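K.L.:
Here is my input, please return the structure:
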Amino acid sequence: MIIHGFTLGILHQVVGWLLYPVIAALGLALLLTLWELGTALAERSLTLARLRRGEVAHFEGYAQRRLERADLLARSGPILGLMGTLIPLGPGLSALGSGNLDILATALTVAFDTTVIGLLVGLLAYLIGRVRRRWYEETWRAMTVIADGV
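P.N.:
As a prediction, this is how the structure comes out:
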């Protein structure tokens, strides 16, 4: 029974240590998503027109890297948001049991804020990925028309 309690204490401590790295990763994911949004807008107005005249092999690798980044952000944002939701709920519910509503309120605020940010990252990255896929398909078709005509 002592090992069981000791193990749960260690597990709880490790999970508690994860909160700040998760919040930092969520902030980084939000910044990367905003960066990708700006990159996508610049790409639409400048880069894709130049790429249409380039090599097909170069474009394929370029498009794959860009789409992988958007897909990674679309999946990791909600995961980080969920982690940021669940981690503070343990201490929050524990505080509720002891009647400390201030700790519970703080834990719930962190939980809801990280959920919203995670979902925002996921939504924006998903939209960026979908729009980019359409742009890349249009560019690919134009490149193959040019390549077939030459």
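K.L.:
Which pLDDT value belongs to M1?
P.N.:
Listed pLDDT for M1 reads 51.
K.L.:
low-scoring stretches of the protein, by residue?
P.N.:
Filtered on pLDDT under 70, the chain yields the residue ranges 1-3, 54-56, 149-150.
K.L.:
can you rerun that using 80?
P.N.:
Within the chain, the ranges that satisfy pLDDT under 80 run 1-9, 12, 49-58, 145-150.
K.L.:
Name the single longest helix found in this protein.
P.N.:
Taking DSSP state H as the criterion, the chain has its longest helix at helix 101-149.
K.L.:
helices or strands up against it?
P.N.:
helix 19-42, helix 48-51, helix 56-97 (3 or more CB pairs under 8 Å, 6 or more residues apart in numbering; DSSP states H and E). In short, each C-beta sits where N, CA and C put it, glycine included.
K.L.:
what angle do the longest one and helix 19-42 make?
P.N.:
Right, helix 56-97. Orientation check (axes from the mean of the first three to the mean of the last three CA atoms, to 10 degrees): helix 56-97 against helix 19-42 gives 150 degrees.
K.L.:
Now that we have the helices and strands packed on helix 101-149, can you turn them into CSV and tack on mean neighbour count and distance to V110?
P.N.:
Shown next, in CSV, are the helices and strands packed on helix 101-149 (neighbours: other CB atoms under 10 Å; distance: least, CB to CB, whole Å):
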stretch, mean neighbour count, distance to V110
helix 19-42, 16, 8
helix 48-51, 15, 40
helix 56-97, 17, 5
